[in-house]
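Enquirer: curious how this folds, go ahead:
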Amino acid sequence: MREEAPEQGENYQTRVGAQRREKTRNRLIEAALGVFAQKGPDAPLIDDFIAAAGVARGTFYNYFRTTAELLSAVAGESSDEVLAVIDPLVREVDDPALRVVIGSRLYIQMASRYPQWGAFVTRLGTKRGSGGVLLDEYLTRDIQRGFETGRFKNLHSAVARDLALGAIRYGIDTVLTGDAPDDYAEQAMFALLQAFGVDAREARTLAYVPIGEPPRPRGVFFERMGDATPSATSSPSSREM
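Expert: Now for the predicted structure:
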């Protein structure tokens with residue numbers, strides 16, 4: 001039998017080691033999703049995550065320095081799960097302005113539907129990575145397309161992206177306090193589109209366009225969490241102004 005070259009053996013060991021590390025990290029994330037869903041973002045201790053994942057304390061610290069760091073990873077993973085069910089609805093339309101409206105309103109709507117998940121987003125604020133990979137990626141995609149086609153103007157696309165992210169993140173916090181008007185998300189989108197250079201009349205029409213409700217996101221976090229009460233999930237997105 002032919003012997004494997006030393007460099008090939010080293011590459012194999014490197015790949016196996018990387019896969020093992022990724023598998024362990026995913027196990028910690030999955031366990032944390034369940035723990036956070038059960039106890040909320042403030043109550044869990046490191047021991048809770050260690051027990052749920054079935055790993056040693058030292059293993060936990062190989063991947064996360066604090067529970068706050070793990071919380072950020074959990075928020076990012078769950079955010080990407082939300083975007084995975086929202087973006088197919090967004091991509092059904094061609095107009096980048098309407099894409100921004102639909103994606104943003106559905107994201108805020110999901111926070112009302114799953115307020116415990118919304119609490120993760122608001123707790124971490126605008127910290128990089130807490131929104132996962134897809135929120136920034138998809139929002140940037142549609143905003144850049146808006147500027148490329150002349151749909152948006154007067155701003156740099158990076159400024160427009162940050163305005164939209166701020167409206168979404170802080171909008172969720174306002175909605176979850178219960179002090180927001182029924183059409184808070186629509187009003188926010190109306191103001192945002194005007195900032196992007198869309199005519200006020202058209203901006204209002206787009207901001208209040210009726211939208212549907214995406215399916216339940218996949219993943220341990222949402223599997224362990226029921227929808228909020230009907231009164232909490234009723235959204236003005238299904239009503240025209």
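
Enquirer: the most centrally placed residue in the chain: which element?
Expert: Nearest to the mean C-alpha position of the chain, by C-alpha atoms, centre = their mean, lies S79 at 2.5 Å. Following DSSP states H and E, one finds S79 within helix 67-90.

Enquirer: cool, and Y61?
Expert: Secondary structure from DSSP H and E places Y61 in helix 57-63.

Enquirer: which other helices and strands does that helix contact?
Expert: Here helix 57-63 touches helix 6-39, helix 46-53, going by 3 or more C-beta pairs under 8 Å, 6 or more residues apart in numbering; DSSP states H and E. C-beta here means a position set from N, CA and C on the backbone, and glycine is covered the same way.

Enquirer: quick check: mean pLDDT of the helix holding S79?
Expert: Per-residue pLDDT over helix 67-90 has a mean of 87.

Enquirer: tell me what angle it forms with helix 6-39.
Expert: 90 degrees (axes from the mean of the first three to the mean of the last three C-alpha atoms, to 10 degrees).

Enquirer: can I get helix 67-90 in CSV, CA atoms only?
Expert: The C-alpha coordinates for helix 67-90 follow below in CSV (Å, rounded to 0.1, in the frame of the first residue of the first chain):
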residue,chain,number,x,y,z
THR,A,67,-21.6,34.5,28.4
ALA,A,68,-22.0,37.9,26.7
GLU,A,69,-19.8,36.8,23.8
LEU,A,70,-21.9,33.6,23.5
LEU,A,71,-25.0,35.7,23.6
SER,A,72,-23.7,37.8,20.6
ALA,A,73,-23.1,34.6,18.7
VAL,A,74,-26.6,33.2,19.6
ALA,A,75,-28.2,36.5,18.4
GLY,A,76,-26.3,36.3,15.2
GLU,A,77,-27.2,32.7,14.5
SER,A,78,-30.9,33.3,15.2
SER,A,79,-30.9,36.5,13.2
ASP,A,80,-29.6,34.6,10.2
GLU,A,81,-32.4,32.0,10.7
VAL,A,82,-35.0,34.8,10.6
LEU,A,83,-33.5,36.3,7.4
ALA,A,84,-33.5,32.8,5.8
VAL,A,85,-37.3,32.9,5.8
ILE,A,86,-37.7,36.6,5.1
ASP,A,87,-35.4,37.0,2.1
PRO,A,88,-37.4,34.7,-0.2
LEU,A,89,-40.4,37.1,0.2
VAL,A,90,-38.1,40.1,-0.4
